[in-house]
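Novice: fold the following.
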Amino acid sequence: MLSRRSLGKLALAQGIVSVLGSAAIARDRVVRIGCQKYGTLVLLKEKGFLEEALKPKGVSVQWAQFPAGPPLLQALISGALDFGGTGDLPPVFAQASSPGALIYAGNETPTGSSEAIIVPASSAIRSVSDLRGKRVAVTRGSDAHWLLLSSLKNNGLTFKDVEVSYLLPAAARPAFEAGKVDAWSIWDPYLSGVGTPVRSLATGSDVGGGTQFYLARTGFFTDSRDLLHDVIAAVERCDEWAQANKAEVAAILARSTGLDLAVVARSVDKINFGFHRITPQVVAHQQHIADTFAAEGLLPSTPKVSEAAPEI
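Specialist: Next up, the predicted model:
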């Protein structure tokens, strides 16, 4: 039988192990952020505001870059990410395919002019109605996908009236510039970086598009809400900095995208950086998008957006 002194030593040892274990767990805490080549999260990574906020808590940050919103949200749903940013349509597709997997954490000020359906300046296509029977490139599940569908519907057409080519931007741009597709529904900075003269048939402003959303893994929201609050605060700080330093913003995003600085500067000039909490009006518009795609038979189910928009 252990003596009282031995028991005391054992309890002390166990306490030390417990404290050390807790410290190790704290040191091992990581927030995983998914970003694309453009937008506030790229700036946040470059400026280090989030690392600065989390370092005193012993929390590190891991970054992963994606070519578009849909694959980013796939990573979020799979548990490989905790937080990321996309356009308006990707979270609708993600919620429809994986109910309960993610939540809306906020959104940027809408910039409808940052996305458009474009044709070559020399094209005989003068309006969205003229797209009947034409080949149109778009990234499946992207905000440009919503721009295309809603613009067609506003002009009495559906996807059945056009030949849709689902391409990521890297493949869509050469196809468009080589004339292999007649039109391209695309977002900035790719929109501003097209290498040939173009004409816009419709923009996000025409359909209430151009909103960038922040999404979080549901488990991150429920289990690490303090860290989610820290991430949001860092995004807010970064947006305030970006709005006041657009020349530096353009330089950072030009390096990130590999596009000409003048091209990126034109794109950045359109943006009014600012983080916003999710409002009932935003939820209603996202629900409209979801209902429209579901009616076209393009979603496996009709998500209820309000279920993914909790109070944070």
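
Novice: helix or strand: which one has G141?
Specialist: Using DSSP states H and E, G141 maps to neither a helix nor a strand.

Novice: surely it is in contact with A96?
Specialist: No: if you go by Cβ atoms under 8 Å, G141 and A96 don't touch, sitting 10.0 Å apart. In short, each C-beta sits where N, CA and C put it, glycine included.

Novice: who has more neighbours, those two?
Specialist: Neighbours per residue (other Cβ atoms under 10 Å) separate G141 from A96, with G141 holding more: 27 against 17.

Novice: what about stretch 178-187, average pLDDT?
Specialist: For stretch 178-187, mean pLDDT is 96.

Novice: now the terminal residues of it, how far apart.
Specialist: 19 Å (Cα to Cα, to the nearest Å).

Novice: the stretch 201-312 of the chain: strands as residue ranges?
Specialist: Shown for the stretch 201-312 of the chain, the strands assigned by DSSP state E, counting those that start in this stretch span residues 213-217, 275-276.

Novice: for the stretch 1-150 of the chain, same thing?
Specialist: 30-35, 60-65, 83-86, 102-108, 115-120, 135-138.

Novice: which among these is found nearest to G274?
Specialist: For the strands of the stretch 1-150 of the chain, proximity to G274 was assessed by Cβ to Cβ; strand 102-108 is nearest, at 6.6 Å.

Novice: tell me where the model's unsure across the stretch 151-300 of the chain.
Specialist: In the prediction, the stretch 151-300 of the chain carries no residues with pLDDT under 70.

Novice: just the stretch 1-150 of the chain next, same as before
Specialist: For the stretch 1-150 of the chain (pLDDT under 70), the answer is 1-28.

Novice: quick one on the thing from earlier: as a markdown table, the strands of the stretch 1-150 of the chain with mean neighbour count would be great.
Specialist: Shown next, in a markdown table, are these (neighbours: other Cβ atoms under 10 Å):
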| stretch | mean neighbour count |
| --- | --- |
| strand 30-35 | 20 |
| strand 60-65 | 15 |
| strand 83-86 | 27 |
| strand 102-108 | 22 |
| strand 115-120 | 24 |
| strand 135-138 | 23 |
